[in-house]
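A.B. asks: compute the structure for the input listed below.
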Amino acid sequence: MRTVAVVEDDPALLLGLTEKLGMEGFKVVSAKDGEAALVLLGSVVPDILVLDLMLPKIDGFEVCRAFRRRYPEIPVLILSARGQEEDKVKGLTLGADDYMTKPFGLRELLARIEALLRRTSGAGEFRFGKVAVNLDTGDVRRGKARVELSRTEYDLLRFFIRNRGRVLSRERILDGVWGYDAAIAPRTIDFHVMGLRRKLEDDPAAPRHFLTAPTLGYRFEGGDG
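C.D. replies: Numbers count the residues shown, from 1 in each chain. Predicted structure coming up:
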């Protein structure tokens, strides 16, 4: 069952969307304000995010920015009463994949959700060195052997793959993997990087893929994906 995260502060609209999406076979998780949305999206990984812009506490633009940093491959559909072109452009610039202006028809919304899910359903396989990572199933193999990663290790690996070649500060990694305002010491990342090196590098003491950028953070190199 595919999961849709709906962030909407209008109770009637939220109820209607939840009921309609549920009838169409989706599992729906929801939040009524931006602060609750960031907490929700730190613990639940949806297949698609349906996001209102005009939210209490933290607006939808900030939620979109934080979500896109953490999950660059998951589609975002913005809903808003705002029809101004600059709002649409800002939302799309922050990483949204589509935009619908209220009021809208539920049939069109469902069609757009299905289109976005079809477009992004095949993340495919990513390879580096002897390692193959199936980004659709989460299966990780080194040679023919399956590698058991913790959930945090896998999330960190996926974040590195999506940002390969970039120098990432510990703060950026914390925000992208653990989520908004996580109460975790930046040095926690070092422990998990050591775990990835131990499980996936040929020589963990002389890594080729999970590289340290002195005084800055880390950089992931390699792959043909």
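A.B. asks: okay, now the domains of the chain?
C.D. replies: Partitioning the chain according to automatic domain parsing yields domains covering residues 3-120, 125-220.
A.B. asks: how about the backbone phi and psi for the closest residue to Pro75 other than its chain neighbours?
C.D. replies: Using CB to CB, 6 or more residues apart in numbering and skipping the chain neighbours, the partner closest in space to Pro75 is Leu116 (4.0 Å). All C-beta atoms are positioned from the backbone trio N, CA, C, and that covers glycine. The phi and psi values for Leu116, taken as degrees, to the nearest 10, are phi -70, psi -40.
A.B. asks: including mean pLDDT, could the domains of the chain go into JSON lines?
C.D. replies: As requested, the domains of the chain are arranged in JSON lines below (pLDDT from 0 to 100):
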{"stretch": "domain 3-120", "mean pLDDT": "88"}
{"stretch": "domain 125-220", "mean pLDDT": "87"}
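A.B. asks: list the buried residues of stretch 53-62.
C.D. replies: 53-55, 58, 60-62 (16 or more other CB atoms under 10 Å).
A.B. asks: quick one: which two of these are the most distant?
C.D. replies: Considering CB to CB, no two members of these lie farther apart than Met54 and Glu62, which are separated by 12.2 Å.
A.B. asks: which residues are in contact with stretch 141-161?
C.D. replies: Counting by CB atoms under 8 Å, 6 or more residues apart in numbering, stretch 141-161 makes contact with 70, 126, 130-133, 135, 138-140, 168, 173, 176-178, 189, 192-193, 195-196, 199-200, 210, 218, 220, 223, 225, all of which sit outside it.
A.B. asks: list the buried residues of that stretch.
C.D. replies: 147, 149, 152-161.
A.B. asks: re earlier: would you write out the ChimeraX command that picks the buried residues out of the contacts of stretch 141-161?
C.D. replies: Buried residues among these (16+ other CB under 10 Å), as a ChimeraX selection:
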select :70,126,131,132,133,135,140,168,173,176,177,178,189,192,193,195,196,199,200,210,218,220,223
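A.B. asks: let's see which of the contacts of stretch 141-161 end up in helices.
C.D. replies: Counting by DSSP state H, the part of the contacts of stretch 141-161 found in helices is 70, 173, 189, 192-193, 195-196, 199-200.
A.B. asks: phi first, then psi, for the spatially closest residue to Ser80 that is not a sequence neighbour.
C.D. replies: Residue nearest to Ser80 in three dimensions, not counting chain neighbours: Leu53, with 3.9 Å by CB to CB, 6+ apart. The phi and psi values for Leu53, taken as degrees, to the nearest 10, are phi -90, psi -40.
A.B. asks: contacting residues around the host helix or strand of Arg112?
C.D. replies: The secondary structure element spanning Arg112 is helix 106-120 (assigned by DSSP states H and E). Contact partners of helix 106-120, identified using CB under 8 Å, 6+ apart, comprise 2, 4, 16-17, 20-21, 24, 47-48, 50, 73-75, 77, 79, 97-98, 100.
A.B. asks: tell me the contacts of Ala132?
C.D. replies: The contact partners of Ala132, by CB under 8 Å, 6+ apart, come to 125-126, 140-141.
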